[in-house]
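below are the sequence and a predicted model for it; my questions follow.
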Amino acid sequence: MRDLNNNIAARPIVNPAVINADTNGTGVDLQGFDAVEVLASLGTQGVTLSGSVFIDFILQESNDNSTYVAVPDGYLIGTPITPGSGIFARIDANSKAARSYAIGYCGNKRYVRCVVDFTGAHATGTPISVVALLGRPAVSPTV
């Protein structure tokens, strides 16, 4: 059996919390790794979600961990919600909450982060966390 544990590293982007406002995740340095998967997880939503009250998860990239832009569609491994936006998940119905969403990145920037973008009134927060799983390390073990 192949060993995955020594060949991946997990990095927090948005620490687990109940949030109800836009949140810029922490940038993750991809140096030394050739693969990354971003996982966004939600608990039970705090409001009734709809076409006017929703949560977007947006993947962004940066050369300097300061200036971020949406990841172009060609660098996403998965299907963006809106072309050119970096949005990889839109939670606009209660049936879409209490689950996880994933997107891969194959771009050439050094840093990635996820932005959690709230649209509409979210008086009550939703439990959210986002983590990056880094793989294909230049040096292993990673732990």
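Received, thanks.

hang on, Pro16 packs against Val130?
No - the pair Pro16 / Val130 is not scored as a contact, 9.3 Å apart, by C-beta atoms under 8 Å. To be clear about C-beta, it is placed using only N, CA and C from the backbone, and glycine gets the same treatment.

which one's more surrounded, those two?
Val130 (27 against 13; other C-beta atoms under 10 Å).

so what are the sheet partners of the host helix or strand of the more buried one and their directions?
Assigned by DSSP states H and E, Val130 belongs to strand 126-137. As defined by DSSP bridges, the strand partners of strand 126-137 come to strand 8-19 (antiparallel), strand 33-42 (antiparallel).

wait, which of these is closest to Thr67?
Distance to Thr67, taken as C-beta to C-beta, is lowest for strand 8-19 among the strands paired with strand 126-137, at 17.2 Å.

how about the closest one: buried residues?
With burial defined by 16 or more other C-beta atoms under 10 Å, the residues of strand 8-19 counted as buried are 8-9, 11, 13-14, 19.
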